[in-house]
Structures are given as structure tokens and as C-alpha cells.
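1. what's the 3D shape of this:
(chains A and B)
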Protein chains: 2
Amino acid sequence: MEYTNFMSDRVKTMKGSAIREMFKRMADPEIISLAGGNPAAELFPGEELSKIAGKILMTSPTLALQYGTTDGYPAMRECARQRAAKVNSVTDDDAILIMTGANQGIDLTAKAILNKGDKIVVESPSFIGSLNAFRTYEAELVGVTVEDDGMSMEGLEEVLKSDSSIKIIYTIPTFQNPTGTTMSLAKRKRMLELASKYDVLILEDNPYGDLRFSGEDLPTLKSLDTEGRVIYAGSFSKILSPGMRLGYLVAPKPLAEKIEVLKQVNDVHTPMLTQLMCVEFMKKYNIDDYIAKNRDLYGKKCACMVENMEKYFPEGKVKWVVPEGGIFLWCECPTITDISPVVDRCLEKKVAIVPGSNFAIDINAPSNMFRLNYSSATLEKIEEGIKRLGEALTEML
Amino acid sequence: MEYTNFMSDRVKTMKGSAIREMFKRMADPEIISLAGGNPAAELFPGEELSKIAGKILMTSPTLALQYGTTDGYPAMRECARQRAAKVNSVTDDDAILIMTGANQGIDLTAKAILNKGDKIVVESPSFIGSLNAFRTYEAELVGVTVEDDGMSMEGLEEVLKSDSSIKIIYTIPTFQNPTGTTMSLAKRKRMLELASKYDVLILEDNPYGDLRFSGEDLPTLKSLDTEGRVIYAGSFSKILSPGMRLGYLVAPKPLAEKIEVLKQVNDVHTPMLTQLMCVEFMKKYNIDDYIAKNRDLYGKKCACMVENMEKYFPEGKVKWVVPEGGIFLWCECPTITDISPVVDRCLEKKVAIVPGSNFAIDINAPSNMFRLNYSSATLEKIEEGIKRLGEALTEML
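-> Here you go, the predicted structure:
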């Protein structure tokens, strides 16, 4: 049977994330992956969560196994509220919705806002999962360049001024994926001014904000917002466990109400057990201590990666900005136009990196950039991986 | 701030399920709920799952807590395949995708197929969660009446003949929600003939198929399909735990590929721990024994409900068909046009039922029908609940 005629326009030309496709091929244990966005597994609190899960299912089986409410288990919503309040990112005008991972919050926010043909401003480059989510609503992505201190505000004003149909800006202001850059305070304030002036909303995606290992924390856009323009997406994936799929949205109540309906028809509610486990973990342990351990480890891993890049990369041929937190490092090779042959050479040498084209608005345009992840691999693997990557770069550049 | 202008057309007039809203108000422990779709909590294998979860997190913390693949953990896909194979509902041309509840499978199938304005045939009445999912893609719902032996095939042919733009039929052929009816074998065969003749797909939603407590099992539509027209949605919600949110899709590979991309941008993957728990449960225990216990209990509860309906309902004023399985019983009050006042009177008497309008294509049209659930309440509560409902009906009819 021929299925193409049955497919909606939104999926006809849609392809999955090449990164996640790459994961499937990486069963080869010899491959060192600097490609994913996995947090460090070595710190996962398996033993603590084992006891917690065992106890919950033994003492409250009905709560853990029966249907729950769409907006989330109340105590879990309170945990999310605490995380958001810690960065002044929730007001009385907001509602909190627990999501099955922050990505669901991004997806359903887009669904609640974007009609076919609507425009959304995004950082160029940006997180492929979000860009693809926007694409599935047949929205038009308007890219604005990311500079070393975040999205270009001149670029942003230019697009907002020239097109009054833009509804929303999507941004990862802190330790951006894929560039690792952080938007300066001045730019944060400016973005809010522009959002007000041109009457648009902002979707602030902040999965990495807790992971700063150098420099000073900056206020979130949500905390600077006085008009109710910012929808804030938080995540437990990088501060507890990605496999548990726990995230949350903080959104003005009228929007949250609509997003809740979309979640109801999507997965009804986030699994109860993982919500209850997160609640108990935050009750029994100080999650900020756990986050601090991760942060320290990521600082060490990042330093190790940079040190080995300086040692093994061909001199003067690769440019990068050292991130102050998060899990990604972004590299540019100004002497070439397309990194693909290097990526292929890397796979032969059994090291995986992600070509920049994956994060572009036009995924078919060649890119001379690539993304590295330093949170997942051990220090030894990082050194060996960067050494192999350095060899590939030296051979190919 | 005024948010309406920022909302997509799909959500502007969208309201949540009144049933799930009702759940929120049912904190009052005196209310007897015959309203939800909850399976019996008294049989949940809390102790078994407690040990399983504790062990998984202790021995395989990385597997349970790290990112997984979008299509599902391989052993979990194998579990889903076994369930589907048990009813001959998977072929080599199909792929299996693990979903965060079957509802996600329905939602994403709709997203992969329906453009704005596209038409989907649904049973009238049908499950509100699915109808609302279709509505969020701005599809047009074409209702076909459900008879005592399933969807009217004359009605179906009439709509298919008159409108060549219909792409897909959505059906719950076995123990339908909300009517509890089961489509006869002759109608199943006829539906496949019509699907072939008019070149449409079928989305078969089968969450209750394992719960037959009288009569003979009938083949699924998927098992009778020789052309690859049926997408099959299965669920672990009614045979293990709804709070775990585990379901699956069996779909022809070209469609499954697209749906997988939509899942990737939706929740990336289904939580790992609940998948691993299901795998271990099915390895260690015979899930069919567990299902058999549920089935027996539901048979008893259904009989108890019917017995008390006969005892307490005003004679000759309420019509129903006794179901052979599943969890729902559907009632009609032919002497009135609108059940709402009875529903309100019931809430005063602290018993909750769902008015038929919730399951209608036109949710604003009055309905003289209501849905009862017998799986959730205990036998004592069923008797007391039906007694109160009988009083309300006697007063109001």
C-alpha cells in the first residue's frame, strides 16, 4: 500500500533528529560519543531512588498506579514551583503544569499558539527538538543569529519591525543548545523591551540554568518580565534524571488552561511514579547539593575538554567560546564550508560529534560548525575522544 | 494582558474533558464515583512492582535514569509485540512504537494524518479524549451511530460514499467507550471491505479487549486486515496500571516512521523506569493470570451494578445493554431529552455519573444518556451509588 497520500502535510517531508538516529547506531561500545545531550550517569542517585520507588509502591500503590490529574500531582507541582521560585520565575498570575519532559511543554505551547503559517522567532542555531516541534505545526521559523553573548538584538528588532505577524520568540538564554552561550543581562532586558514594543510572547527554555560552573548567575527572562509575556519551561532532566521525563511549564493562567487541555488529549497526565519519586527525593535530600556535584563535575569535564582541544586541534583552524555552564561546546572551522567529511572521518575513528547543520533553520545548508558534549563521557573518554577528533581535523582541514 | 490573540485557532474554543474536570472536584470522599474510567485499584500489584522497581534502580540505574530511544526500550517493544501477537495484530510490515499511554498513540496518529479540515469518521458517541485530540488538529468529525452490535455499517457506507475526502475511521470495536458495545464479526469484516472499497485507513483503539467476562472473543480488525489499512493502539492501562502511562501503536512502517518523529518532538521517549518495570513484571509473572483476576472482578462488579439497576431504577424508564466485558455501561432515558438535571441531582446525593453529551460529536446538544463505570468502585459502593442514582432518576423522570 502507498501511505504518502494519507499523511498530513506536516509530516510528509519531516525527518527525525539525526542526533537521535545516531544514538541508535551507537550500540558499538568502542564509539566515544561527544554527540548526545546526556547528563553524567555516574552521579545518578540510583540507590536513593531505588529505596524511594520501592517504598512508594509498597505504601501507596493506588496513588502510584492509578490515573492522576492532567496538571500534575499537587506535591510535584509544588516541587516545580520551588525550583521556579528559586529563580523568581513564577507569579500569582501563573499556573504550573507538570510535563513528561520539558520538550512536551515546548511542543504543547507551540500547539496552543501557532497556526499554520504563523511565525516564530528562534535563535539560529537552536535545539533541533524544539525547531522540529515548531515545524510540525507548519509554523515559519525566523532565525536570528546567536552571538557570543546571546541572540543579536539588532537582528531581533529587525525581524520584529519588519513583520507584525510574529507571535512569539523561542529562546534558550542560558548555556544555549547548541552554542553554549549565555545571553547578557543587557540583552535580556532588551529582549523584554522589544517583546513589549512589538507585542509578542517569549518562550524561555531553561534546562541548563542550574549548571553554572563559572561566572555569575543572571536573572531569567521570566524573572524580569513585568507584563506576563514569558512562558517558562523548566526541566528535571539535567538536575535529576532525563529518563524519568519530568519537566514543567510556568505559564500565565489563560494560556496554561489551554495547554492543559492539549496535554489531556496528548498523554492524559505524566506518569505518577516518577512524579512521586521526584517529590520524595526533594523531601529527603537537598537537590541543590546534588546539582552542585553535577556542576562541579561538568566544570572539570569542560576544562578537560578545552585543555585537550588546545592540545590536539590543529592550531588556528578551530574557533570556540568556553562556556560558563551547561553541557555543550560549539566549534567553528572558518577555513572550510562543510564539516560533514570531518564528521564521517570521526565516525571511522570511532568518535561521534554533531554537525552544525542539525541546529540550523535550513537543515540542508552546509555548516562549518559542530557541537561537542562534555557532560556524558568520562574524563578519560573526553581526552581520547578529543584526541581522535583532533586527528580527524588535522587530516581534513 | 489579553492572551486570546496569541492563541492558535485550535485552542480558542477548546474545553477540557468535563470528566477529568469532575475528578478534580471529587476530593469529597463521600462522593461515590461511577464517572471515571479507572480500573480497579484493589488488584494493583503494588508489592510486586515495588520489588521490581527497587531492584531495577539498584542494579541498572543508568538504564533506568538516562535518556532512552524514541521508539521504546527494545524489551518493552517485545512485550508490546507479544500482547499484539496474542490477538494476531502485528505483521512483519508493522513497526511497534511504545507510547506514554495509548492516548498519545491516538493523538500522534491523528497528527500524522489529519490536515486542517480533513475528515475522520468516528463512532457517535465515542471517547472524548480521542475526539478532542482530533479536534486539536482542526479535523472535521463525521459521526456514525453506534448500534448494539457496533457502528452502523449502512451509516458508514453512506458517509464514505458521499465524501471521498475522508482519510480514516476511528473505532473502539470491543467494549466501546462509552457504550460498552462490541462490534459483531460481520460488521468487522464489512468495515474492512468498506475501508478497502473507499480507500481509507482504520485506527483501531483496543484498551479493553482483554477484559471479556462473558461471550466469545472476536478477532480484532487488525487481525482481519490483509491490506495494511489498520493502525492498532494497545494499552497497559487497563491490564497493569494507568498511572504508569504505557501504551503502544502497531502501525505500517511508513506511517510508524512519521509518528516516531512526532513522538520525538513531543516527549522524546516514554519514561524508562515504567518501561523496565513492565518488562520485568511480564518476565516474572504471568500477566494473563493478573488480567484474568481483573476480568473476573469486573464480571462480578458489572453483575452487581446491573442487579441493583434492576432493583433501584424506575421501571421502564431507563434502557441499557449489558456489556460482555470492559468497564462501561451505557444508559438511555427515552422519556426525557436532557439528562443534565439528573446528573446535578446525583451530585447533590453524592454520586457522580457522566452525561452523554460529553461523548457526542456536538457536545452542546442535550443528551438523554449517561455512562456508568463499574470497574473502579467496590461492590458496596456500586450498590449504594446505584441506589442513590435510582432515587435521583425516580424523582426526576
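
2. separation between the nearest residue to A:V321 once chain neighbours are set aside and chain B?
-> Among residues not flanking A:V321 along the chain, A:D148 sits closest, at 5.3 Å (C-beta to C-beta, 6 or more residues apart in numbering or on different chains). Yep, even glycine has a C-beta here, placed from its N, CA and C like the rest. Separation of A:D148 from chain B (C-beta to the nearest C-beta, to the nearest Å): 29 Å.

3. try A:N368
-> Distance of A:N368 to chain B, computed by C-beta to the nearest C-beta: 26 Å.

4. for the spatially closest residue to A:Y312 that is not a sequence neighbour, give me phi and psi.
-> Nearest residue to A:Y312 in three dimensions, chain neighbours excluded: A:G390, at 2.8 Å (C-beta to C-beta, 6+ apart). Dihedral angles phi and psi of A:G390 (degrees, to the nearest 10) take the values phi -60, psi -40.

5. tell me if stretch A:201-216 is near chain B.
-> Yes: Stretch A:201-216 lies within reach of chain B by C-beta under 8 Å from any C-beta of the partner chain, at A:L201.

6. give me the buried positions along that stretch.
-> In terms of neighbour count (16 or more other C-beta atoms under 10 Å in any protein chain shown), stretch A:201-216 has its buried residues at A:201-213.

7. the helix or strand that contains A:V121 and chain B in contact?
-> Per DSSP states H and E, A:V121 falls inside strand A:119-124. No: judged by C-beta under 8 Å from any C-beta, strand A:119-124 stays clear of chain B, getting no closer than 11.5 Å.

8. sheet partners, orientation included, of that strand?
-> Sheet pairing here is set by DSSP bridges, and for strand A:119-124 it gives strand A:140-147 (parallel), strand A:166-171 (parallel).

9. tell me which strands the following helix or strand past the longest one pairs with, and in which orientation.
-> Note on strand A:140-147: by DSSP H and E, the next helix or strand toward the C-terminus is strand A:150-151. Strand pairing for strand A:150-151, determined by DSSP bridges: strand A:140-147 (antiparallel).

10. show me how far the strand it pairs with is from its chain's centre.
-> Relative to the mean C-alpha coordinate of its chain, strand A:140-147 is positioned 16 Å out (C-alpha atoms, centre = their mean, to the nearest Å).

11. hey, C-alpha coordinates of it in PDB?
-> Extracted in PDB, the C-alpha atoms of strand A:140-147 (Å, rounded to 0.1, in the frame of the first residue of the first chain):
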ATOM      1  CA  GLU A 140       7.600  29.500   9.800                       C
ATOM      2  CA  LEU A 141      10.900  29.700  11.700                       C
ATOM      3  CA  VAL A 142      12.500  33.100  11.600                       C
ATOM      4  CA  GLY A 143      16.100  32.700  12.700                       C
ATOM      5  CA  VAL A 144      18.100  35.400  14.500                       C
ATOM      6  CA  THR A 145      21.900  34.900  14.800                       C
ATOM      7  CA  VAL A 146      23.300  33.900  18.200                       C
ATOM      8  CA  GLU A 147      26.300  36.000  19.200                       C
END
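
12. and the stretch 201-350 of chain A, which of its residues are near chain B?
-> Residues of the stretch 201-350 of chain A lying near chain B by C-beta under 8 Å from any C-beta: A:201, A:227-229, A:241-245, A:252, A:254-255, A:257-258, A:260-262, A:264-274.

13. return the subset of those lying in helices.
-> When helices are assigned by DSSP state H, the members of these inside them are A:254-255, A:257-258, A:260-262, A:264-266, A:272-274.

14. show me where the stretch 51-200 of chain A has helices.
-> Taking DSSP state H, counting those that start in this stretch to define them, one finds helices in the stretch 51-200 of chain A at A:61-65, A:74-86, A:102-113, A:128-136, A:153-162, A:185-197.

15. just to revisit the earlier point, and which of the ones in helices among the residues of the stretch 201-350 of chain A next to chain B is nearest A:S152?
-> A:L255 (27.2 Å; C-beta to C-beta).

16. that closest one - how many residues pack around it?
-> If you count neighbours by other C-beta atoms under 10 Å in any protein chain shown, A:L255 ends up with 24.

17. can you give me the pLDDT of it?
-> pLDDT, A:L255: 97.

18. also A:F23?
-> 64.

19. residue boundaries of the strands in chain A?
-> For chain A, the strands defined by DSSP state E occupy A:32-33, A:94-99, A:119-124, A:140-147, A:150-151, A:166-171, A:201-205, A:230-235, A:247-252, A:319-320, A:328-332, A:351-352, A:354-355, A:369-373.

20. between those strands, which gets nearest to A:R188?
-> That would be strand A:150-151 among those, by C-beta to C-beta, at 7.8 Å.

21. contacts for that closest one, please.
-> Applying C-beta atoms under 8 Å, 6 or more residues apart in numbering or on different chains, the external contacts of strand A:150-151 come out as A:123, A:144-145, A:171, A:173, A:176, A:181-184, A:187-188, A:191.

22. quick check: mean pLDDT across that strand?
-> Averaged across strand A:150-151, the pLDDT comes to 98.

23. for stretch A:47-56, buried residues please.
-> A:E48, A:L49, A:S50, A:K51, A:I52, A:A53, A:G54, A:K55, A:I56.

24. find the nearest non-adjacent residue to the fifth one, please.
-> Spelled out, that is A:I52. In space, A:I52 comes closest to A:E280 once its chain neighbours are excluded; the distance is 4.5 Å by C-beta to C-beta, 6+ apart.

25. and the residue lying closest to A:K12 once chain neighbours are set aside, how far is that from A:C302?
-> Excluding the flanking residues, the one nearest A:K12 by C-beta to C-beta, 6+ apart is A:T4, at 6.9 Å. The gap separating A:T4 from A:C302 is 45 Å, by C-beta to C-beta, to the nearest Å.

26. and those two? Which one has more around it.
-> The neighbour count for A:T4 versus A:C302, taken as other C-beta under 10 Å, is higher for A:C302 (25 against 9).

27. residue contacts, the residue nearest to the more buried one when sequence neighbours are not counted?
-> Once flanking residues are discounted, A:C302 sits nearest to A:Y374: 5.0 Å by C-beta to C-beta, 6+ apart. Counting by C-beta under 8 Å, 6+ apart, A:Y374 touches A:L34, A:Y298, A:K301, A:C302, A:C304, A:M305, A:I327, A:F328, A:L329, A:I382.

28. and the residues you listed, which are buried?
-> Among the contacts of A:Y374, the ones that count as buried by 16+ other C-beta under 10 Å are A:L34, A:Y298, A:K301, A:C302, A:C304, A:M305, A:I327, A:F328, A:L329, A:I382.

29. surely the first one touches A:V351?
-> Okay, so that is A:L34. Yes: in this structure A:L34 lies within contact range of A:V351 using C-beta atoms under 8 Å: 6.5 Å.

30. what do the two both touch?
-> In contact with both A:L34 and A:V351: A:G385, A:L389, using C-beta under 8 Å, 6+ apart.

31. wait, what's in contact with A:M282?
-> A:M282 is in contact with A:C79, A:Q82, counting by C-beta under 8 Å, 6+ apart.
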